[in-house]
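**Q** with the sequence up front, the predicted model follows.
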Amino acid sequence: MTSPEQFDAIVIGTGQGGKPLAAALAKAGWKTAILERADLVGGTCVTVGCTPTKTMVGIARVAHLARRAADYGVNVGSVVVDQQVVRRRKRDIVDMFSSGSRRGMEKLEHNTLIMGEGRFTGPRELEVTMNDGSGTRHIEAEKIFINAGARPRVPPIPGLQDVSSLDSTSIMELDQVPRHLVVLGGGYVGLEFGQMFRRFGSDVTIVNVGNRLVSREDPDVAEKIAEILREDGIDIRLSTNIERIDGDARSIQVGVRGPAGEETIEGSHLLVATGRVPNTDTLNLEVAGVAVDERGFITVNERLETNVAGIWALGDITGGPAFTHIAYDDFRVLRDNLLHEGQATTVGRLVPYCVFIDPELGRVGVSEEQAKARGLNYQVVSMPMTHVARALEVDETRGFMKAVIDADSKQILGCAILGIAGGEIMSQLQIAMMGNVPATELRDAIFAHPCLSEAFNNLFAGI
């Protein structure tokens, strides 16, 4: 057997942590190899996550506004969504993002892009099975970075393995609008796809085991989201267990037990959106001695170091917040520490995120439930979007703004913005939090009229 190819660093995965890390190491003169087992470069975000789903969410909003056109005095006639065109646009956007990333990586000096799936064969050595079927490649490095991500979870529901079901990847490849989409799971993924396909023209039923949607949000936020989705014609079943799934080529039968007892929900398509699992099972981590937790996620410290010196992990595979921007910040932690003698850690960082239902939810910082659980001295301020002039003018008044304030310092501890441009409004409050700007400053600030940010004057008026 020939000796493995020698590199200074190996990065497993071209996601939003791995790709910029490989580039930074290569630009610093490190001989770097980066592996990608998928056919496209870019990781979950670019290939099957943020980029394609938000492309489709945008199309769904166009369909929604077209159906609402008469509310604005605009007559457009009937609205029909061509799912093949939707899929083509999604594919084109993904290809544009991914191919651009691949070209950049292939041109980068000191960087070698290897399209194949790697597994450890020793503490510092990997065997790579090439995607093109050309065999295997053996590589070795003193420093290894694991950014291999996660994939949709398949829950142990009787009958699920025997029927045709969709996950967050395969549902985007449909070429026809489903007659009736049944969604298992009331988390962010299930809600985004549920509302999207309702707007495409499907009947939609969302089945959730818990007693509220998006369980990490405050009850009032979850209840308002459920109200909005029901307004859109989505059937939401809470506190409902899935007992069994049956079906054939034409329909799916989901046997459930809920507050009304046992019943069967019949649909044409089934989306399983019940969480994600890490891609650690194919890496052969035991050979390298890398520890994982009870769910299979790689355990790391605040510097993203594993229990094995010289091996780091970043992004979704660590079990932290599964957001693209967190993976990118993981990259920055590693870059600063490895290349700039920094002392960066993941401790205390703000974790903003958006749920791209419509209206969208933007969240950052401490929720009301968290403030209460921590025993903080806090104040909550809230205001419906019906009190926001710009929202009224464009007839986008669903949702509300909510912020948690430190009762003594008046610093903003967190916020939930459910409304038009919710993510952008949340980001403005995040900037205030980063700059230690108290809510009283926003209360008294002059904002351009009639912009959405002008609502801060009234939101914080009661402080």
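**A** On my side now, so go ahead.
**Q** what distance do you get for residue 60 to residue 267?
**A** Separation of residue 60 from residue 267 (Cβ to Cβ, to the nearest Å): 19 Å. For glycine as for every other residue, the C-beta is placed from the backbone atoms N, C-alpha and C.
**Q** which parts of the stretch 1-150 of the chain are helices?
**A** Along the stretch 1-150 of the chain, counting by DSSP state H, counting those that start in this stretch, helices occupy 18-27, 43-47, 50-67, 83-107.
**Q** which one of those is the most hemmed in?
**A** helix 43-47 (a mean of 25; mean count of other Cβ atoms under 10 Å).
**Q** who touches that one?
**A** Residues outside helix 43-47 that contact it (Cβ atoms under 8 Å, 6 or more residues apart in numbering): 13-16, 18-19, 38, 40-41, 49, 51, 94, 97-98, 101, 147, 149-150, 315-316, 324, 327.
**Q** and if you look at stretch 90-99?
**A** 40-42, 46-47, 51-52, 55-56, 172.
**Q** of the residues you listed, closest to residue 138?
**A** Using Cβ to Cβ, the shortest approach to residue 138 within the contacts of stretch 90-99 belongs to residue 41, at 22.0 Å.
**Q** tell me which element residue 383 falls in.
**A** strand 378-384 (DSSP states H and E).
**Q** that strand pairs with which strands?
**A** When pairing is defined by DSSP bridges, strand 378-384 lines up against strand 400-406 (antiparallel).
**Q** and the average pLDDT for the strand it pairs with is what?
**A** The average pLDDT for strand 400-406 rounds to 98.
**Q** for stretch 223-241, same thing?
**A** Here the average pLDDT along stretch 223-241 is 98.
**Q** what residues does it touch?
**A** 186, 191, 194-195, 198-199, 203-214, 217, 256-259, 265, 357, 359, 361, 398-400, 418.
**Q** now these: which count as buried?
**A** Listed as buried from these are 186, 191, 194-195, 198-199, 203-209, 212-214, 217, 256, 258, 265, 357, 359, 361, 398-400, 418; burial here means 16 or more other Cβ atoms under 10 Å.
**Q** which residues does stretch 67-85 contact?
**A** 59, 63, 66, 174-177, 199-201, 395.
**Q** same thing but at 7 Å, please
**A** Residues from elsewhere that reach stretch 67-85 (Cβ atoms under 7 Å, 6 or more residues apart in numbering): 63, 66, 174-177, 200-201, 395.
**Q** and it, C-alpha only, in CSV?
**A** In CSV, the C-alpha atoms belonging to stretch 67-85 read as follows (Å, rounded to 0.1, in the frame of the first residue of the first chain):
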residue,chain,number,x,y,z
ARG,A,67,-54.1,35.9,-4.8
ARG,A,68,-54.4,38.9,-2.6
ALA,A,69,-54.2,41.4,-5.4
ALA,A,70,-57.9,42.2,-5.4
ASP,A,71,-57.5,43.5,-1.8
TYR,A,72,-55.3,46.2,-3.3
GLY,A,73,-57.6,46.9,-6.2
VAL,A,74,-55.5,44.9,-8.7
ASN,A,75,-57.3,42.2,-10.8
VAL,A,76,-55.0,39.4,-12.0
GLY,A,77,-57.4,36.5,-12.4
SER,A,78,-56.8,32.9,-11.2
VAL,A,79,-53.4,31.9,-9.9
VAL,A,80,-51.9,28.6,-10.8
VAL,A,81,-48.3,27.5,-9.7
ASP,A,82,-46.2,25.6,-12.2
GLN,A,83,-44.2,23.4,-10.0
GLN,A,84,-41.8,22.4,-12.7
VAL,A,85,-40.8,26.1,-13.2
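**Q** please tell me how far residue 183 sits from residue 274.
**A** 10 Å.
**Q** between these two, which has more neighbouring residues?
**A** residue 183 (31 against 21; other Cβ atoms under 10 Å).
**Q** wait, the more buried one sits on residue 271?
**A** Yes - between residue 183 and residue 271 a contact is recorded at 4.7 Å, counting by Cβ atoms under 7 Å.
**Q** between those two, what contacts are shared?
**A** residue 193.
**Q** how about the helices in the stretch 251-400 of the chain?
**A** So, for the stretch 251-400 of the chain - with DSSP H, counting those that start in this stretch - the helices run 285-288, 324-339, 368-373, 389-393.
**Q** most neighbours per residue, which of those helices?
**A** With a mean of 20, the top stretch among the helices of the stretch 251-400 of the chain by mean neighbour count (mean count of other Cβ under 10 Å) is helix 324-339.
**Q** quick one, that one and helix 18-27 angle?
**A** Counting by axes from the mean of the first three to the mean of the last three Cα atoms, to 10 degrees, helix 324-339 lies at 20 degrees to helix 18-27.
**Q** tell me the mean pLDDT for helix 324-339?
**A** Computed over helix 324-339, the average pLDDT equals 98.
**Q** any weak-confidence spans in this structure?
**A** Residue ranges of the chain with pLDDT under 70: 1.
**Q** follow-up on the earlier one: reformat the helices of the stretch 1-150 of the chain as a markdown table; add distance to residue 349.
**A** Formatted as a markdown table, the helices of the stretch 1-150 of the chain follow (distance: least, Cβ to Cβ, whole Å):
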| stretch | distance to residue 349 |
| --- | --- |
| helix 18-27 | 17 |
| helix 43-47 | 19 |
| helix 50-67 | 19 |
| helix 83-107 | 25 |
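**Q** out of those, flag the one nearest residue 442.
**A** helix 50-67 (28.4 Å).
**Q** roughly how far is the closest one from the heart of the chain?
**A** 16 Å (Cα atoms, centre = their mean, to the nearest Å).
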